[in-house]
Structure formats: structure tokens, C-alpha cells
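predicted coordinates and the sequence they were generated for:
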Amino acid sequence: MRRLSSTIVAMVSTVGVVLMVSGLAGSSAAAPAPLQTLMPGVTFEQQVELTPHGPVTYSVIDAPPPTGLYSLGPVLSGGTISGGRETVTQIEQSVSTVSTVAGIDGDFFNASNSTPDGIVMAGGQLEHGPTPSRASIGFDTNGGIHVGRIAFTGTWQGTGPRRPLAGVNQKPKANQTVLFTPAWGPSTPDLPPSTALTVLEPLTANINTDLTATVTATGTGSTPIPADGAVLVATGTEAAKLQAETSQGATATVRLTLPDSWVTVVSALGGGPLLVKDGKPIFSTGENFASRDLTRRDARAAVGQLADGRVVLVAVDSGRPGYSVGMTTYELAETMVKLGAVTAAGLEFGKFVTAAFDGRLLNRPSDPSGQRPVKEALLVQYQGVYLPPLPTPLLGKDDAAAGEQLSYRLVRPSTVTASVIGPDGVSHVVDSGSKQPGQYTFGWTSFNVEGTWHWNVQATDDLGRQSTGDETFQYDLTLTGLSVPKVVSASAGLDASFVLSRPATVMLQIAAANGTAVNTLPAVQLTAGAQTVSWDGMTSAGVPAPRGAYVAEVTETSSLGTASYSAPFALRK
């Protein structure tokens, strides 16, 4: 007998309904899957809309404003501009020791060298310049979103006048000077020996301020990039100017300029087009996209902000007839408005669209082979205490001896109080004191009261930030001994037998092995004692169910709450 939480049963039921009606046209929506909490304050749900073109399935991650324990911004594959490509789940795993993360794919990228197309900002430092012909997306110190087409201008100055800086962390073209920071990688790219370079230390890539540093080395070719500095690299006629106007031991000044409205932006990425402005969907923005890329139904990704400051990350699936046909860009804009976004912008679309949590997929990428590697992911990062899902959300008579496995994870040094709280309100401290980052696991077998138990962990990290994690599990002996025949005939139907320790409302659902709901019987009120509920072998449409593998799911609701149990069986003619 399998035990399922009521949430899991509801998810199975909903998926079954979606699969059964997905071929219909003219309906506006199917019932969404239940809302799931991924981590404190961050939820996930999968929505399904039924359109004349076919079903559209999309994933929605909803998170608090990116302040305090929460941040939102791009994370680069390999941690650098030049670091190649990885899948979104791999990128999430790369930061799992410093945060708990959920997110989607990020900006477009250059297919030949895997560098991002648009702006990259992290920690308030500019790591790559914007694409002026497409939207840039930034998040400021107050958690607000900025979306618009912006341009970069830069200068450098040695002993001569201010001279133009063509960009940041991009290979210079002929007669250009570019600044390379540690965000590029360990060393400047391999360029012709005639390329001039000047090493500056210390220097941070903050915007809209004069950045003055000491010239610690000059030369030609390629060189390591200092961890606390940067390197000016010049080609052609600009190389001679850099060599003449910078010398070791002297000072040089760099200025990286973005619009004044972006001074408070701490993280940013490229994307586009703008989808929602002032709560209204935008049909056309004139951004540099081919018309066919905007108007075809495809897998798409977007980020938006609600009026209360919360953010939503959306990944639309496509390429799977009967499951999801995708959206046009304007349909995505309308969807973001339905979700409450007052501002929103698109991100990389097509086979790269991915949604994931903690290194695990949440959506179904449209590439039949699975996830495609991307240059960056847009991630919500949470630095508070995180409680992984409990392995046994419902414990019955047979589970009490093995007990519940409890765990919590820290990403910063913290002072912790971890407790199990019984249905009677009595708190049992399991762990406390100063803890280093890591995962802590405990077993709990002391069940003396039936009902809902809480696994509660409170933490204060080394920055003084407080966080709480709380998971519930049930110890419920209301229903025991669920038994169904292993093989039944359609003509005889099925009897599910069990014992109730107290009165309960009981519902029987029959589902196919893949979770598709076949029939749900009306709930019945039963007294304590041995009981049986039956299925006549018919589907909800009133026709005999085909032979095959099925699951009988019995859900009981008593004074203690709701609990569900399941058992497999085979149906034969």
C-alpha cells in the first residue's frame, strides 16, 4: 500500500484531467496544478490553457521582491563571460553551496563563442555591455525592475585626454580599446602580439563614477587578469595611444556609463522584447527581432514584476502536440498581464527555455533530447534556512517505527533552533546552537499523538538576518489495511477494503498508471470499523475501462485532517 499526501493526490488528479481534455478547442483554461512551495516565500505552479490551436502549458515561479535574503539576477555558465555553456540545472548546482535557487534561462547568446548578447551586471558591477537595439532588464537595490533599451559609453584616461572605451569583456575589433575584468575569465583573450595592454589595480567595474587605479604592468599580447583589478586592451591605432599614455606606476582612470536611472541597479541581463508596460501588454516595440521570431508559437521565457514588488518567472513549453503548442510573443505579454505583471520582458526563446529548482527540472523543454546548454540563467537566490521536502509526509501504523527523516540546509554560518512540534503544541528541540554551512539530518520516531506535526527551524545568520523553515507531516491511524485484488475483471469491478479507527468521509479514485484520472467516485460518509468502497469498472464517461495497469487511490477526511493511500492493480477483460 502506498501512502500519498493529499497534495500529491490532487496533483495526480489534475494532470489526469489535463491529459483527458487537452485535445479540446474553445475552452479557455484547465484546472491548474496545485501551488507548491519551493522554498520560503517562493512558489511554483503549472498552468494549462486550452486554445483553438491546442493546449498551452507554462510554469510560473513567484518570488518576493529581490531584497534581503532574496536576490534576482543572471548567473553565468562557468561563472565567467568566457566560460562556455551549461544547462540551467547545472548552473543552479554550481551555486547550491551559497544559496537555494529557482529560475529560468536568461539572455540570448553568441552561438560561436557562447558570450552573452546583452548586458550582464552582478553585485553592482558591469560585466558586459548592453545591446542598444534590444531591451535590458535590471533590478535595483530596492528590488525594483528596470526594462528598456539602453546604451553604454565608456572612457579611459592616462596622461592624455579621455579616450573612448568600446566595451567591457568583449573581444576588441580593429582600433578599439576594451576593459577586461575578472568576470571575463582568468586571462585576456588570445589576440595578436601587437595588441597593447595595461594592467590596473585595484579597480571595480562600478558604473557612472570615475574609477582610478594604478598601472601595475604594461605590455602586448595576452596577460592574466588580476582578481582585484582589470586590464585595458587596445588594437590598431588605439594600441599606440594606450602605450604612450600609460606607464607602470602611474595612474589611469576608467569611466563606465549607463543611463542615470540605472545607478541603483545591482544586477541585470539582456533579453527582450518589452512585453508589459504600466500593466498593459505591448504588441510591438521596434526591437531588433525578426517578425517570424515574435509571431510564431514557440517555447518562451519571461520575467515580470507585480504591483506589490513580487516577481514572476515564466517558462512556456512547446513542441509537444497534445501537451503544449507554445505562445506568440504577444500571447506571452497577455499572459504576464493575467499573472498581475505591471512590467515584464521576454528572454531567450525556443529550445533553450527551461525552468528548474535546486538543480531539478520543473518544465518539459521542447528539445526531445532534454535541456539545451545556455550561457546564463536568471535565478532567484535565497540565503535563509531551507528545509528539503519530507520523504514521508504521511505516516501510518507501519511507518512509525522507521519514523520521519528531518533535515535542514544552511548556506551561511547561523545560530539555529530546530524543533519538532506535536499536534498538542509541545515543542521538542532536536538541534540548536551555532552551525556552519551544510546539511543537517535527524530521525524522529517519538510519535505519541495523532495529527499534524511541524518540523520547524529558525535561524539567524552571520549578517543578522532571520529566517524560518516549516514543514508539516501527518501521523494518522484513521485508515489502515487498504487491500485491493492484484487482478480484477472489468465485469466484476473492484472492491477496496480497509479499516477506519474513527468516522471519516472517504473517496475512491481510479487512475491509470501514468496518473490520468479514469473515474472518481462520490465521497461517502463511513463509520469506524471494517469498510469497503467499490468501482464498477466504468470510466467517468460511462464506458468500460480498457484493460491495463491502474491505481486505486482512497482519500479519507476525518477530524485529524485528510490522508490518501493507494494500491496498484491490473484490469483484465
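Perfect, I can see it now.

okay, and the closest residue to L72 other than its chain neighbours sits in which element?
Spatial nearest neighbour of L72, excluding adjacent residues (Cβ to Cβ, 6 or more residues apart in numbering): P66 at 3.7 Å. Using the backbone N, CA and C atoms, a C-beta is placed for each residue, glycine as well. Secondary structure assigned from DSSP states H and E places P66 in neither a helix nor a strand.

what about P66, how many neighbours?
If you count neighbours by other Cβ atoms under 10 Å, P66 ends up with 25.

now F283
Counted with other Cβ under 10 Å, residues neighbouring F283 total 12.

ok, the one 10 residues further on next?
Residues lying near D293 (other Cβ under 10 Å) number 13.

wait, it sits on T328?
No - applying Cβ atoms under 8 Å, one finds D293 not in contact with T328, separated by 10.0 Å.

nearest residue to the residue sitting furthest away from the middle of the chain other than its sequence neighbours?
Distance from the centre of the chain peaks at A244, with 49.4 Å (Cα atoms, centre = their mean). Counting by Cβ to Cβ, 6+ apart, A244 lies nearest to G160, which is 7.5 Å off, once chain neighbours are set aside.

could you do F498 as well?
Nearest-residue entry for F498: L482, 4.6 Å, with adjacent residues in sequence omitted and distances by Cβ to Cβ, 6+ apart.

tell me the pLDDT at that neighbour?
If you check L482, the pLDDT there is 95.

right, and the helix or strand after the helix or strand hosting it?
Per DSSP H and E: L482 is located in strand 479-483. The first helix or strand that comes after strand 479-483 along the chain, using DSSP H and E, is strand 487-489.

and the helix or strand just after that following strand with strand 479-483, angle?
Once the chain leaves strand 487-489, the next helix or strand it forms, by DSSP H and E, is strand 494-500. Put simply, strand 494-500 runs at 160 degrees to strand 479-483, going by axes from the mean of the first three to the mean of the last three Cα atoms, to 10 degrees.

so which elements touch strand 494-500?
strand 479-483, strand 504-512, strand 529-535, strand 548-558, strand 561-572 (3 or more Cβ pairs under 8 Å, 6 or more residues apart in numbering; DSSP states H and E).

figure out which of the ones you listed is closest to A307.
Distance to A307, taken as Cβ to Cβ, is lowest for strand 561-572 among these, at 34.3 Å.

flag every buried residue along the closest one.
G561, T562, A563, S564, Y565, S566, A567, F569, L571 (16 or more other Cβ atoms under 10 Å).

over to stretch 144-153?
G144, I145, H146, V147, G148, R149, I150, F152.

contact partners of the strand holding L482?
Contact partners of strand 479-483, identified using Cβ atoms under 8 Å, 6 or more residues apart in numbering, comprise 1, 396-397, 496-501, 504, 506, 554, 556, 563, 565-567.

just checking: what are the partner strands of that strand?
Counting by DSSP bridges, the strands paired with strand 479-483 are strand 494-500 (antiparallel).

now the helices and strands packed on strand 494-500 as JSON lines including distance to T417?
Compiled in JSON lines, the helices and strands packed on strand 494-500 are given as follows (distance: least, Cβ to Cβ, whole Å):
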{"stretch": "strand 479-483", "distance to T417": "34"}
{"stretch": "strand 504-512", "distance to T417": "36"}
{"stretch": "strand 529-535", "distance to T417": "43"}
{"stretch": "strand 548-558", "distance to T417": "32"}
{"stretch": "strand 561-572", "distance to T417": "26"}
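
of all the ones you listed, which one is nearest F357?
Nearest of these (Cβ to Cβ): strand 561-572, 24.0 Å.

adjacent strands (with direction) for that closest one?
strand 2-4 (antiparallel), strand 487-489 (parallel), strand 548-558 (antiparallel).

residue contacts, the closest residue to K171 other than its chain neighbours?
Closest residue in space to K171, ignoring its immediate chain neighbours: P189 at 5.5 Å, by Cβ to Cβ, 6+ apart. Contacts for P189 were tallied using Cβ under 8 Å, 6+ apart; they are S82, K171, F180, S222.

neighbour-wise, which of these leads?
Counting neighbours by other Cβ under 10 Å, F180 leads the contacts of P189 with 28 neighbours.

what comes into contact with the host helix or strand of E92?
Using DSSP H and E, E92 sits within helix 88-94. For helix 88-94, the surrounding residues in contact (Cβ under 8 Å, 6+ apart) are 75-77, 79, 86, 101-105, 354-361, 371, 373-374, 376-377, 379.

try it again with 6 Å
With Cβ atoms under 6 Å, 6 or more residues apart in numbering as the contact definition, helix 88-94 has outside contacts at V75, S77, V101, D105, T354, A356, G359, A377.

any quick PyMOL command for the buried ones out of these?
Buried residues within the contacts of helix 88-94, by 16+ other Cβ under 10 Å, are selected in PyMOL with:
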select buried, resi 75+77+101+105+354+356+359+377
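
which helix or strand in the protein has the lowest average pLDDT?
helix 6-21 (a mean of 31; mean pLDDT, DSSP states H and E).

please name the nearest non-neighbouring residue to N142.
Nearest residue to N142 in three dimensions, chain neighbours excluded: T67, at 6.7 Å (Cβ to Cβ, 6+ apart).

again, but for L361
Nearest non-adjacent residue to L361, counting by Cβ to Cβ, 6+ apart: T89, 6.3 Å away.

same check on W535?
L494 (4.6 Å).

can you check T115 too?
Nearest to T115 is I81, by Cβ to Cβ, 6+ apart, at 5.6 Å.

ok, now which ones touch that neighbour?
T115, H128, N169, A183, W184.

tell me the pLDDT at it?
On the pLDDT scale, I81 is placed at 97.

host element of it?
I81 belongs to no helix or strand, assigned by DSSP H and E.

low-confidence ranges, this structure, go.
The chain contains residues with pLDDT under 70 at 1-33.

domains of it?
As assigned by automatic domain parsing, the chain contains the domains 62-146+266-382, 153-257, 394-472, 479-572.

ok, G340 touching L306?
Yes - in this structure, G340 is within contact of L306 by Cβ atoms under 6 Å, at 4.5 Å.

the two: who's more crowded?
The neighbour count for G340 versus L306, taken as other Cβ under 10 Å, is higher for L306 (19 against 16).

L274 versus that one, what's the distance?
In this view, L306 and L274 are 17 Å apart by Cβ to Cβ, to the nearest Å.

circling back to that earlier point, for the residue nearest to L72, give me its contacts.
Neighbours of P66 in contact, by Cβ under 6 Å, 6+ apart: L72, F139, G143.

how near is the residue lying closest to E376 once chain neighbours are set aside to A205?
In this structure, E376 finds its nearest non-sequential neighbour in G106, 3.8 Å apart by Cβ to Cβ, 6+ apart. From G106 across to A205, the span is 19 Å (Cβ to Cβ).
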